[in-house]
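Asks: Have a look at this prediction, sequence included:
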Amino acid sequence: MEKKKVIKSIDNLPPEVLNAINIKYPDGYINHVFKVSMPNNSFFHAITIDWGEISYLVKVPVKIDKPPANDFEILPSENDERMVKEDDEIKETEEEIE
């Protein structure tokens, strides 16, 4: 007999299934999460757990860290005047040292 397949949010699982998740993933489930694509171009992240005659696809929250925009360094282009000035200053400094 084939197991019944159920999709549920981790927030709506019975305590027994949550306990089964803790047993299956003792170090946490973060390395076992996969992306499930939907026909309407949306998606969710999930893990799997079998409990009795039910095979659960459990929706889990995933936090994706995005670095703030100001953490990126803007590099000057070859035509940027600041770069030319910095190169001239470096050459002057090197000449003074020698």
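Replies: Structure received. Residues are numbered from 1 along each chain as shown.
Asks: hmm, who's touching the longest strand belonging to the chain?
Replies: For the chain, the longest strand by residue count, based on DSSP state E, is strand 43-51. Identification of contacts with strand 43-51 by CB atoms under 8 Å, 6 or more residues apart in numbering yields 3, 7, 16-17, 20-21, 24-25, 29, 32-38, 55-62. The way it works is simple: take the backbone N, C-alpha and C, and place the C-beta from them, glycine included.
Asks: same question, stretch 15-29
Replies: So stretch 15-29 is contacted by 10, 13, 32, 47, 49-51, 56, 58, 60 (CB under 8 Å, 6+ apart).
Asks: how about 7 Å then?
Replies: The contact list for stretch 15-29, computed with CB atoms under 7 Å, 6 or more residues apart in numbering, reads 32, 47, 49, 51, 56, 60.
Asks: of those, buried ones?
Replies: Neighbour counting by 16 or more other CB atoms under 10 Å classes 47, 49, 51, 56, 60 among the contacts of stretch 15-29 as buried.
Asks: Can you name the two of these that sit furthest apart?
Replies: Trp51 and Val60 (15.8 Å; CB to CB).
Asks: As TSV, the buried ones among the contacts of stretch 15-29 with pLDDT would be great.
Replies: Formatted as TSV, the buried ones among the contacts of stretch 15-29 follow (pLDDT from 0 to 100):
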residue	pLDDT
Ile47	95
Ile49	95
Trp51	90
Tyr56	95
Val60	94
